[in-house]
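J.: one predicted model, sequence on top.
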Amino acid sequence: MIIPTIDYIEPVFRPPSEANSFILQVTNGCSWNKCTFCEMYTAPQKKFRPTKDDQVLADIRSTASNWPGVRKVFLADGDAMALSYRRLEQILIWLNEHFPNLQRVSSYCLPRNLKNKSIEELQSLNRLKLDLLYVGAESGDDLVLDRVQKGETRESTIAALEKIKTAGLRSSVMILNGLGGTRYWRQHAMNSAALVNAAQPDFLATLVVSFPMGDQRLKQHFPEFQLPDQQQLFEEVKLFLETTELQDTVFRSDHASNYLILKGRLGKDKETMLEQINFAIQRPDAAGLRQEWQRGL
Ligand code: SF4
């Protein structure tokens, strides 16, 4: 675990797999910040703005003086890819100069922010060790995406994922279990599977939708939303996994929000994971599920 000496604008979020990365806050907040299920950057101090170059360089220098052996860097906050190609290139050059053991740089990525970057530019960033982009697809269903104000469609997300793959970077896709509510769960599951089938990402994760501050924002545009119960969430993940046709994707359902922890490689572990879900549906008392207090929301 790297404990940086730099001052972050809190709160700062990162994927679970970036626990050992140096978190470099090259932007504050999220450039979109309209998704009605997302409370990550709603605090007043999290209004979106890029971090000034001199601040980014100062944060890199101070971390390099304490932890010169940094191998992994995560560019925060919600969408560092909102920065222009030139700024990203400069930041990656600084990271490579200051961390001789640097292996990979990663970031969250909104599909729309790849539209203004060419394949050649992404390849150039990849040569500077930008390697993994986390894409919060949330759903592959356009009605659900519209209801939650995601500002993306299945096709726009697939296009971004294809661009990432063509440029030689890896992608990690997140799908939100429960986002279709009790009414649209089937189409949410099946169209989310269609999205990942088309994109064949390197990594795939499911998280459970949750509203620590209440669902009033979501219901403004999605009044028919009802949060599925635990059994319904399992049925949805089951339908999603059944519909996937993935060749070699690492699947994780181990975020703190998940009741049932699943890990494996899709497709080879698909049947094993479906058996685990079936067992959780039939014997929730014996399936070793996370209790509410363990979900860390
Ligand atoms: S794009 Fe991501 S970080 Fe931004 S509001 Fe939507 S879910 Fe939240």
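T.: Right, received. Where do you want to start?
J.: list the buried residues for the helix or strand Arg61 falls within?
T.: Per DSSP states H and E, Arg61 falls inside helix 53-66. By 16 or more other CB atoms under 10 Å, the buried positions in helix 53-66 come out as 56, 59-60, 63-64. C-beta here means a position set from N, CA and C on the backbone, and glycine is covered the same way.
J.: for it, packing partners?
T.: Applying 3 or more CB pairs under 8 Å, 6 or more residues apart in numbering; DSSP states H and E, one finds that helix 53-66 makes contact with strand 22-25, helix 85-98.
J.: tell me which of the ones you listed sits most buried.
T.: strand 22-25 (a mean of 23; mean count of other CB atoms under 10 Å).
J.: for that strand, list the C-alpha coordinates in CSV.
T.: In CSV, the C-alpha atoms belonging to strand 22-25 read as follows (Å, rounded to 0.1, in the frame of the first residue of the first chain):
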residue,chain,number,x,y,z
PHE,A,22,0.0,5.5,-6.6
ILE,A,23,-3.1,7.6,-7.1
LEU,A,24,-2.3,10.7,-9.0
GLN,A,25,-5.2,13.2,-9.1
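J.: what packs against it?
T.: Against strand 22-25 (3+ CB pairs under 8 Å, 6+ apart) you get helix 53-66, strand 72-76.
J.: what sits against the closest residue to Lys72 other than its chain neighbours?
T.: Nearest residue to Lys72, sequence neighbours excluded (CB to CB, 6 or more residues apart in numbering): Ser21, at 4.0 Å. Contact analysis of Ser21 by CB atoms under 8 Å, 6 or more residues apart in numbering lists 2, 14, 72-74, 106.
J.: I'd say Leu246 and Asp202 touch.
T.: No: contact criterion CB atoms under 8 Å: Leu246 and Asp202 do not qualify, at 10.3 Å.
J.: tabulate the helices and strands packed on strand 22-25 (JSON lines), appending mean pLDDT and distance to Asn113.
T.: Output for the helices and strands packed on strand 22-25, formatted as JSON lines (pLDDT from 0 to 100; distance: least, CB to CB, whole Å):
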{"stretch": "helix 53-66", "mean pLDDT": "96", "distance to Asn113": "18"}
{"stretch": "strand 72-76", "mean pLDDT": "98", "distance to Asn113": "12"}
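J.: nearest to the ligand, out of the ones you listed?
T.: Shortest distance between the ligand and these, using CB to the nearest ligand atom, is found for strand 72-76: 10.7 Å.
J.: helix 85-98 and that closest one, what's the angle between them?
T.: 150 degrees (axes from the mean of the first three to the mean of the last three CA atoms, to 10 degrees).
J.: can I get strand 72-76 as CSV, trimmed to CA atoms?
T.: Extracted in CSV, the C-alpha atoms of strand 72-76 (Å, rounded to 0.1, in the frame of the first residue of the first chain):
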residue,chain,number,x,y,z
LYS,A,72,1.6,1.2,-10.9
VAL,A,73,-0.2,4.5,-11.2
PHE,A,74,-3.9,5.2,-11.3
LEU,A,75,-4.9,8.6,-12.8
ALA,A,76,-7.8,10.0,-10.8
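J.: coming back round to it: between the buried residues of helix 53-66, which is nearest Ala43?
T.: Set against Ala43, the nearest of the buried residues of helix 53-66 by CB to CB is Asp59 (20.6 Å).
J.: list the residues that contact that closest one.
T.: Asp59 touches 4, 6, 24-25, 51, counting by CB under 8 Å, 6+ apart.
J.: flag whichever of these scores worst on pLDDT.
T.: Minimum pLDDT for the contacts of Asp59 is recorded at Pro4 (56).
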